[in-house]
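> Next comes the sequence, and after it the predicted model I'd like to discuss.
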Amino acid sequence: MISVYIHIPFCTNICSYCDFSKMYYNKENVSKYLISLEKEIKQRYNNELVKTIYIGGGTPSSLNIKELEKLFEIIKIFKLTDDCEFTIEANVENLTLEKIKLFSANSITRVSLGVQTFNSDNLKYLNRKHTKEEVYNVVNLLKQNNITNINIDLIYGIDSDIEKVQKDIDYFLELDIPHISCYSLIIEDHTILNNMNRLYINEDIEYEMYKYIEKSLEDNNYIHYEISNYAKDGYYSKHNLTYWNNQDYIGFGLGSVSYINGNRITNTKSITKYLDNKYMLSNIHEDIKEQQDNELMLGFRKLKGINLTKFKNKYNDDLENIYDVEKLLKDNYLIKENNFLRINKEYIYISDEILLEINRK
């Protein structure tokens, strides 16, 4: 079985933290893109059984009804498992009742909403257009149309005002949705925010925000199962777990990435080449050391950590024979428990620093 990612790069609104590879919606370009997408899928899909589909962007909900119908018609080529998790990303400002009904009619089981914040000043800073009332209305419409598996993204650390984060969490909890993803604002190169002035956010304040979010959500029966992700029991993102478990997946569309049998396949980021059906940019085979390093880096994102038996079965060796983790275990940064090796929850926030301390023997 395999997971499938489909990239729709178009947006009706470019957020100030998005990189410049996102493209404004253009009807002619969307039509051409869907034709190339269909050709790519027919060329590369080998009739594998699909356990998860994730339509990301850009903003897939920026497509109009006819374009979405075309997209769903293309996707019918895939052979799905009976319990396939089928996610689509959406923005509140372009998600209409008609589109929601179309999602429901085409087996969408999960919607991920890019809300980011309810604070009007922060929304303006991020160049987002929705209001609190619109978010509540969209969530209710999704539930009324049998889509109850809903994720909402939260961005914190936009400024130093922790009260804004506290109010955002209060509003998110009122929505009664089963999954919340929380990310600290990182300003990347090639974004609008990179060219704007921003007040420096003290790391201690940002950490206080992180801990407030964690405690508030856990107090309300959300399980902190990955560094940035919280879910009610039974609502972990199956698709994202494919990445964190370092399992195979195939990506279709502009700039998408596939990982199949140790091969990292990257599609072109040139829309001109993609529309000319020249999809692939590179195909690199990762050696066993790279695969093991990725297993470590991705596996430690999960609060549960790495299953040591599965690691040994996959690589024919014990993790502790390959990596020197003794000191980190002794200092309680790592914990070995129930045949899992994990980062101590107390230090999960600095997981990148801990990973830098893990060396091969």
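All right, it came through fine. Residues are numbered from 1 along each chain as shown.
> alpha carbons only for contacts and neighbour counts from here, please
Noted.
> what's around residue 290, how many residues?
Residue 290: 12 surrounding residues under other C-alpha atoms under 10 Å.
> so which strand or helix has it?
Following DSSP states H and E, one finds residue 290 within helix 288-299.
> So which other helices or strands are in contact with the helix or strand following that helix?
Tracing the chain past helix 288-299, the next element assigned as helix or strand by DSSP H and E is strand 306-307. In terms of contacts (3 or more C-alpha pairs under 8 Å, 6 or more residues apart in numbering; DSSP states H and E), strand 306-307 is packed against strand 340-343.
> After the strand it packs on, which helix or strand is next?
Downstream of strand 340-343, the first helix or strand assigned by DSSP H and E is helix 351-356.
> Give me the helices and strands touching the longest strand along the chain, please.
When the chain is scanned for its longest strand (criterion: DSSP state E), the result is strand 79-90. Where contact means 3+ C-alpha pairs under 8 Å, 6+ apart, strand 79-90 is packed against strand 49-57, strand 110-116.
> pLDDT on that strand, on average?
Confidence over strand 79-90, taken as the mean pLDDT, stands at 97.
> Stretch 90-109: which residues count as buried?
90-95, 99-103, 108-109 (16 or more other C-alpha atoms under 10 Å).
> Could you tell me the end-to-end distance of that stretch?
13 Å (C-alpha to C-alpha, to the nearest Å).
> Then stretch 228-240?
End-to-end distance for stretch 228-240: 11 Å, by C-alpha to C-alpha.
> Identify all contacting residues around it.
Defining contact as C-alpha atoms under 8 Å, 6 or more residues apart in numbering, one finds that stretch 228-240 is touched by 3, 52-54, 85, 149, 178-183, 217, 221-225.
> just stretch 353-361 next, same as before
297, 321-325, 333.
> Buried ones among those residues?
Among the contacts of stretch 353-361, those scoring as buried are 297, 325, 333 (criterion: 16+ other C-alpha under 10 Å).
> Compute the distance between residue 150 and residue 54, please.
On the measure of C-alpha to C-alpha, residue 150 and residue 54 end up 13 Å apart.
> could you measure residue 276 against residue 46, distance?
Applying C-alpha to C-alpha to residue 276 and residue 46 gives a distance of 22 Å.
> typo on my end, residue 28
According to C-alpha to C-alpha, residue 28 and residue 46 sit 29 Å apart.
> So residue 266, which state does it fall into?
At residue 266, secondary structure determined by DSSP: H, G, I helix; E, B strand; the rest coil is strand.
> Can you tell me the closest non-neighbouring residue to it?
Distances taken as C-alpha to C-alpha, 6 or more residues apart in numbering put residue 257 closest to residue 266, at 4.5 Å, once the chain neighbours are dropped.
> Now do the contacts for that neighbour.
Counted by C-alpha under 8 Å, 6+ apart, residue 257 has contacts 250-251, 264-267.
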